[in-house]
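Trainee: my questions concern the predicted model and sequence given below.
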Amino acid sequence: MKKKLIISFVAVIGLAILVYFFFIKGSPEKTKFSYVNVSRGNLNVLISSSGTLQAIKTVDVGTQVSGKIAQLFVDFNSEVRRGQLLAVLDTVVLAASVKDAQANLDKASAQYNQAVAVHERNKKLFDKNFMNEVDFIASKTNVETLLASLKSAKTALERAKLNLGYAYIYAPISGTIINRAVEQGQTVAASLSAPTIFTIAEDLSSMRILASVDESDIGQIKVGQKAKFTVQAFPSRTFDGEVIQIRLNPNVVSNVVNYTVVVKADNGDKVLLPGMTATVDFYVDYRENVLLVPNAALRFQPTDAMMEEFRKNIEKEMANMPDSLKNKWRGTSQERSQSGGRNGSFGNGTGRKRGNNRLWYIDENNKLKMSPLQIGLTDGKNTEIIRGRNIKEGMQVISGIIDNQTTSTSSGTNVFNPTQQGGNRNGGSGFGRGF
């Protein structure tokens, strides 16, 4: 009796070993997939650029006359009003020019008056035939010449007075002094162009950004579009802006054509300063509360073995279908084949054509499934799902195949092993009924 029990125990152990080696250890390993989740949220399509902050209106204040800066009444960051006196040039030379012009005017006036009196006398003599016509014409010409000299002297006096007035430099607009280019006592020389003494920004509570946009993106930029930007001084803060102008003049830098886009931004707290570099995101398009899928799932390419197993699953499902549904399915299958399907049947979505994409997933029966998609916008990371069969918020879709030799996956990736859900271990292809 004891001998029979020992023999039975050894037989059971041997049978267990055979089952392990032939059915468990010897069975092919199931494929492991990496997964991403279908979610619901907002999608923004952005175009990024960079530019420089400037005041909306900036005026350079110069001088039209040369001279030494006698007095300065404002400094950097001074708030000024329109018509306020900013600086005075030395007026000694300019005042002397006014006096000299006045003296020349007096002289020209005296000479003109004398010539008029002489001409009146000569006219009487000419009327009585006591003067010949040649002398009378010379007298008349002398009056006209001295009259022209008198007008020229008056103009010279006005010019001298204007130059004296230019020695007093006033603010042309109200604003803030953002630059002062001279010091008191410095000599400025006005030649062909007026030298800049001050730069006034009209209103720093409103700024503009001159952003450079590539020609490949400029077609998507429209006046009135919203924009957001950041500056290095406040990296954790995002500022709002609006496109107010698209300048038509192209700028070519390293054979790349760019266009200047003007973005208006509020600066009520005046933390934005002229000259800051801004990184701008233009909101080209957006969607609110839509289904989103990571682009990695749309790039997934099933293997030939997976496609073969998928066909077998479809054929099993079709066995109980009416003929009308079978014909409809075959017609759809043929269309997919003509549009670039894998092995003449189902495409893999690598073309990323709008309305011709698909997602792969494992259903509740542990079978491989595919859902055709109609997609919309993409921001480069996620894509909008307009329509998808059996695609719901929160479901997991396949984004890739994990090598059996791989011991780790990327952060945030879910790993699924069909063998852990009771799949058939005898699937010869490794993709058997475990799907």
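Mentor: All right, it came through fine. Predicted model, so just to flag it, every value in this text is computed and none were measured. Numbers count the residues shown, from 1 in each chain.
Trainee: mind listing the helices for the protein?
Mentor: Shown for the chain, the helices assigned by DSSP state H span residues 2-19, 92-127, 133-166, 295-298, 304-318, 323-338.
Trainee: shaky segments in the stretch 1-150 of the chain?
Mentor: 1-30 (pLDDT under 70).
Trainee: how does it look with 50?
Mentor: Across the stretch 1-150 of the chain, the ranges flagged by pLDDT under 50 are 24-28.
Trainee: center of this structure - which residue?
Mentor: Ser49 (3.6 Å; C-alpha atoms, centre = their mean).
Trainee: which residues does that residue form beta bridges with?
Mentor: The partner list for Ser49 in beta bridges (DSSP bridges) reads Val280.
Trainee: how about Phe239?
Mentor: Phe229.
Trainee: that one touches Leu272, doesn't it?
Mentor: Yes - counting by C-beta atoms under 8 Å, Leu272 is a contact partner of Phe239 at 7.1 Å. To be clear about C-beta, it is placed using only N, CA and C from the backbone, and glycine gets the same treatment.
Trainee: could you tell me which residues touch both of these two?
Mentor: Taking C-beta atoms under 8 Å, 6 or more residues apart in numbering as the contact rule, the neighbours common to Phe239 and Leu272 are Val231, Ala265.
Trainee: re earlier: residues contacting the residue nearest to the centre of the chain?
Mentor: Ser49 neighbours (C-beta under 8 Å, 6+ apart): Ala211, Ser212, Val213, Asp214, Asp217, Val261, Thr279, Val280, Phe282.
Trainee: wait, the third one sits on Ile47?
Mentor: So that's Val213. Yes - with contact defined as C-beta under 8 Å, Val213 and Ile47 form a contacting pair (6.9 Å).
Trainee: between the two, which one's more packed in?
Mentor: Neighbour tally, Val213 and Ile47, criterion other C-beta atoms under 10 Å: the higher count belongs to Val213, 23 against 20.
Trainee: check that one and give its pLDDT.
Mentor: The score at Val213 is 94. That number is its pLDDT.
Trainee: who does it bridge with?
Mentor: Using DSSP bridges, the bridge partners assigned to Val213 are Tyr259.
Trainee: with adjacent residues omitted, what lies nearest to Leu210?
Mentor: Gly51 (4.9 Å; C-beta to C-beta, 6 or more residues apart in numbering).
Trainee: let's have the contacts of Ser49 in TSV, adding distance to Ala103.
Mentor: Shown next, in TSV, are the contacts of Ser49 (distance: C-beta to C-beta, whole Å):
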residue	distance to Ala103
Ala211	59
Ser212	59
Val213	63
Asp214	66
Asp217	68
Val261	60
Thr279	65
Val280	63
Phe282	66
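Trainee: which of the residues you listed are buried?
Mentor: Ala211, Ser212, Val213, Asp217, Val261, Thr279, Val280, Phe282 (16 or more other C-beta atoms under 10 Å).
Trainee: leaving out chain neighbours, which residue sits closest to the second one?
Mentor: Residue nearest to Ser212 in three dimensions, not counting chain neighbours: Asn258, with 4.4 Å by C-beta to C-beta, 6+ apart.
Trainee: so where's the stretch 251-400 of the chain shaky on pLDDT?
Mentor: Looking at the stretch 251-400 of the chain by pLDDT under 50, you get 337, 339-355.
Trainee: try it again at 80.
Mentor: 309, 313-356 (pLDDT under 80).
Trainee: how near is the closest residue to Gln232 other than its chain neighbours to Val263?
Mentor: Spatial nearest neighbour of Gln232, excluding adjacent residues (C-beta to C-beta, 6+ apart): Thr277 at 6.6 Å. To Val263, Thr277 is 13 Å away according to C-beta to C-beta, to the nearest Å.
Trainee: what do you get for Leu273?
Mentor: The value you get for Leu273 to Val263, if C-beta to C-beta is used, is 16 Å.
Trainee: give me the more crowded residue out of the two.
Mentor: When Leu273 and Val263 are compared for neighbours, Val263 comes out ahead with 28 against 14, by other C-beta under 10 Å.
Trainee: what sits against that one?
Mentor: By C-beta under 8 Å, 6+ apart, Val263 lies in contact with Gly51, Arg208, Ile209, Ala211, Ala227, Phe229, Gly241, Glu242, Val243, Ile244, Val280.
Trainee: could you chop this protein up by domain?
Mentor: The chain is divided into the following domains under automatic domain parsing: 29-41+291-421, 46-56+200-287, 62-193.
Trainee: so how far is the first residue of the shortest one from its last?
Mentor: Between the opening and closing residues of domain 46-56+200-287 we find a distance of 12 Å, counting by C-alpha to C-alpha, to the nearest Å.
Trainee: try the last one
Mentor: Distance across domain 62-193, first residue to last, is 9 Å (C-alpha to C-alpha).
Trainee: quick revisit: run a quick neighbour tally on the residue nearest to Gln232.
Mentor: For Thr277, using other C-beta under 10 Å, the count is 14.
Trainee: ok, it to Pro372 distance?
Mentor: Distance from Thr277 to Pro372, by C-beta to C-beta: 46 Å.
Trainee: likewise for Leu146?
Mentor: Per C-beta to C-beta, Leu146 is found 101 Å from Pro372.
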